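[1] the sequence and its predicted three-dimensional model are supplied below.
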Amino acid sequence: MPPANLQQEISRAASMMNAGRLDAAEAATRKLFKKNPRNIGVVRLLSLICRRSGKLAEAVQLIGKAQKIAPGDPQVWIDAVQLAKIQGKFPEAVRFARKAGSVAPKSDEVFGLLAMSLVWNGDFDDALKMLQPRVEAGRLSPLMLQAFVESHYNLKGWEEVVRIASAIPAGSDAKLGLDHRRAIAMMHASALERLDRQAEAVEVVRRMHAGTSVAFEPASAKSLNDQIRGIWSADRFASLDDSPFSRSEVPVFILGMARSGTTLLERIISAHPGAHGVGESPILGDAVTTELKLGRAGASGIELHSVATLEGAPLERIRKAALDDLARLAGRHERIASKDLRLTRTAGIAGRCFPGARVINLTRAAEDVAVSIWSHAFRLDGMGWATRLDWIAMMIAEHERMVEHWRKVLPNPWLDVVYEDLARDPENEIRRVIEFLDLPWDDACLRHQESRGGAIKPTHSEYQVRESVNTRSIGRAAGYPEVMAEFRRHLEAARSEG
């Protein structure tokens, strides 16, 4: 294929990827890769598609190939940084960012990425030292500014965070970019809260959400939940086949709302030498969509639940694929915990595939969950409902209904854990969890913050779980009486509609 035509095909496949058509983009790029296995553009694009599709092992392999083909291309190392970050391999992210800097020493993008990598790795003082000359020269890119604010934030420099964020000129949103603006606003609001300036924090959060465009339809969300409960009635689990893979107790499924403490619980479990965690990886979803040839679009739709009627060889292949994926992500362990937020809707699949796998249901006071969600800068394309209190109330009520349904129908061993109990009496609660997992006690579980694993994927709560278990977040909503009064009205209405 002539170079011009090849570039056109690469651009066409990249457009498909950017439009969310990952299956089509992957198919087109694999054809190009078969004919042009050493073309750096093709290799990079296929790696990026695999990364977005959750095929991290192949993405790593491809980016390694790209590094050998074009070691002088800074974009290759930038890709490697982002991939390492997704995997939670922060020291690797720093190493790759430094390599990018060595081949592109004058690039602001690379400089900012190195600063951000240092932040991910917890090297906040190093990041500040690196950024200070740029600050004094007034030459901070949006990413550098975010890294600068995050460094101060994680060093508990609340006054400095407020000073920096407040000094950002009004009307600079377009230049700053939505993601950077929201991330800085989130830290600004949190710093104000730490300084007992909640009224100002509320205004910052309201501005953070103002003018955002999200695609969320409450009626559709409720309808999907109703369909799922109808599909996954108790009779789906009345007769389960017995097979080598169905008997596996390796998966551990953590049920919980966003910001309810699921990351903390996963890290506590992962601190045990016989256990590990895979964060929010959609392990079962990928295995099901591959077996049923649903395509990526089916992963979030009702089609995913076709597994409810599967049995025999197809179901066993799903089990094997899921266990293989777990091993690739976390290695061989007696227990591997997943805290995928989609488990609220896909727990039936977990129960049908692995009826002996343990389920831990983590609950937290609804008001504290709500204020934490509302004041957080979630990605708008995945959690747009987090921008409005009425939507948050509806989703909490729906989560409660789904959990009660799963409690009644799932065959799995089930443990309820209350976040407040875990925070107030960590040793007894953690011992209860480890005993439920049928693992021998290990004191490392009491020091999860000291055992950050290289393969534990980062989440929105990454920085909080680097601290020891504490009660600081309990009762947080009390500082926001007007906001919570509005939320309680919505929650009461949402619960009554069920």
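    Now that the structure is in, tell me what you want to look at. Not measured: the values here are computed from a predicted model.
[2] who's in contact with residue 96?
    Neighbouring residues of residue 96 by CB atoms under 8 Å, 6 or more residues apart in numbering: 77, 80, 81, 84, 117. To be clear about C-beta, it is placed using only N, CA and C from the backbone, and glycine gets the same treatment.
[3] tell me the average confidence for the helix or strand the first one falls within?
    So the one you mean is residue 77. For residue 77, the host element (DSSP states H and E) is helix 74-87. For helix 74-87, mean pLDDT is 93.
[4] elements contacting it?
    Where contact means 3 or more CB pairs under 8 Å, 6 or more residues apart in numbering; DSSP states H and E, helix 74-87 is packed against helix 40-52, helix 56-69, helix 90-103, helix 108-120.
[5] for the helix or strand hosting residue 10, give me every contacting residue.
    For residue 10, the host element (DSSP H and E) is helix 3-18. With contact meaning CB under 8 Å, 6+ apart, helix 3-18 is reached by 1, 22, 24-25, 28-29, 32, 36, 39, 41-42, 45, 48-49, 52.
[6] please tell me how far that helix is from the chain's geometric centre.
    Here the centre of helix 3-18 is set off from its chain's centre by 29 Å, with CA atoms, centre = their mean, to the nearest Å.
[7] in the helix or strand just after that helix, what counts as buried?
    Moving toward the C-terminus from helix 3-18, the next helix or strand (DSSP H and E) is helix 22-35. By 16 or more other CB atoms under 10 Å, the buried positions in helix 22-35 come out as 22, 23, 24, 25, 26, 28, 29, 32, 33.
[8] equivalent analysis for stretch 430-442, please.
    430, 433, 434, 436, 437, 439.
[9] which one of these is nearest residue 257?
    Nearest to residue 257 among those, counting by CB to CB, is residue 433 at 18.3 Å.
[10] now the strands for the stretch 201-350 of the chain?
    251-255, 275-277, 335-338 (DSSP state E, counting those that start in this stretch).
[11] the closest residue in space to residue 260 that isn't next to it in sequence: neighbouring residues, count only.
    Spatial nearest neighbour of residue 260, chain neighbours left out: residue 364 (4.3 Å); criterion: CB to CB, 6 or more residues apart in numbering. Around residue 364 there are 22 other residues, counting by other CB atoms under 10 Å.
[12] residue 364: what's it in contact with?
    256, 257, 259, 260, 261, 418, 419, 420.
[13] ok, the first one - contacts?
    Shown here is residue 256, whose contacts under the criterion CB under 8 Å, 6+ apart are 262, 265, 339, 361, 362, 363, 364.
[14] how many neighbours does residue 4 have?
    8.
[15] hmm, I was thinking of residue 421
    Neighbours around residue 421, by other CB under 10 Å: 14.
[16] does it lie in a helix or a strand, and which?
    Counting by DSSP H and E, residue 421 is found in helix 419-424.
[17] got the confidence number for the residue nearest to residue 260?
    Confidence score, pLDDT, at residue 364: 97.
[18] cool, and residue 306?
    pLDDT at residue 306 comes out at 83.
[19] give me the nearest residue to residue 411, chain neighbours excluded.
    residue 355 (4.3 Å).
[20] got the contact list for residue 315?
    Neighbours of residue 315 in contact, by CB under 8 Å, 6+ apart: 241, 246, 307, 352, 353.
[21] local confidence estimate at it?
    pLDDT, read off for residue 315, is 91.
[22] same list, the strands of the stretch 201-350 of the chain, but as JSON lines with distance to residue 445, mean neighbour count and mean pLDDT please.
    Output for the strands of the stretch 201-350 of the chain, formatted as JSON lines (distance: least, CB to CB, whole Å; neighbours: other CB atoms under 10 Å; pLDDT from 0 to 100):
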{"stretch": "strand 251-255", "distance to residue 445": "14", "mean neighbour count": "26", "mean pLDDT": "96"}
{"stretch": "strand 275-277", "distance to residue 445": "9", "mean neighbour count": "26", "mean pLDDT": "92"}
{"stretch": "strand 335-338", "distance to residue 445": "12", "mean neighbour count": "26", "mean pLDDT": "94"}
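[23] any idea whether residue 416 is helix, strand or coil?
    strand (DSSP: H, G, I helix; E, B strand; the rest coil).
[24] going forward, begin numbering at 254 instead of 1
    In the new numbering, first residue 254, that becomes residue 669.
[25] burial count for it?
    Neighbours around residue 669, by other CB under 10 Å: 13.
[26] what are the phi and psi values for residue 494?
    Main-chain dihedrals, residue 494, degrees, to the nearest 10: phi -70, psi 150.
[27] excluding sequence neighbours, find me the nearest residue to it.
    residue 564 (6.0 Å).
[28] about what we covered before: and the direction of the helix holding residue 263 versus that of helix 275-288, what angle?
    150 degrees (axes from the mean of the first three to the mean of the last three CA atoms, to 10 degrees).
[29] buried residues in helix 256-271?
    Using 16+ other CB under 10 Å as the test for burial, helix 256-271 gives 259, 262, 263, 266, 267, 269, 270.
[30] give the rounded mean pLDDT of it.
    Rounded mean pLDDT across helix 256-271 is 89.
[31] helix 293-305 and that one, what's the angle between them?
    Going by the same axes, to 10 degrees, helix 256-271 makes 10 degrees with helix 293-305.
[32] send the alpha carbons of helix 256-271 over as PDB?
    Taking Å, rounded to 0.1, in the frame of the first residue of the first chain, the C-alpha atoms of helix 256-271 are listed here in PDB:
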ATOM      1  CA  PRO A 256       2.400   5.600   2.000                       C
ATOM      2  CA  ALA A 257      -0.300   8.200   1.300                       C
ATOM      3  CA  ASN A 258      -3.000   5.500   1.100                       C
ATOM      4  CA  LEU A 259      -1.700   3.900   4.300                       C
ATOM      5  CA  GLN A 260      -1.900   7.100   6.100                       C
ATOM      6  CA  GLN A 261      -5.500   7.600   4.900                       C
ATOM      7  CA  GLU A 262      -6.400   4.200   6.200                       C
ATOM      8  CA  ILE A 263      -4.800   4.900   9.600                       C
ATOM      9  CA  SER A 264      -6.700   8.200   9.800                       C
ATOM     10  CA  ARG A 265     -10.000   6.500   8.900                       C
ATOM     11  CA  ALA A 266      -9.500   3.800  11.600                       C
ATOM     12  CA  ALA A 267      -8.500   6.500  14.200                       C
ATOM     13  CA  SER A 268     -11.700   8.400  13.400                       C
ATOM     14  CA  MET A 269     -13.700   5.200  14.000                       C
ATOM     15  CA  MET A 270     -12.000   4.900  17.400                       C
ATOM     16  CA  ASN A 271     -12.600   8.500  18.400                       C
END
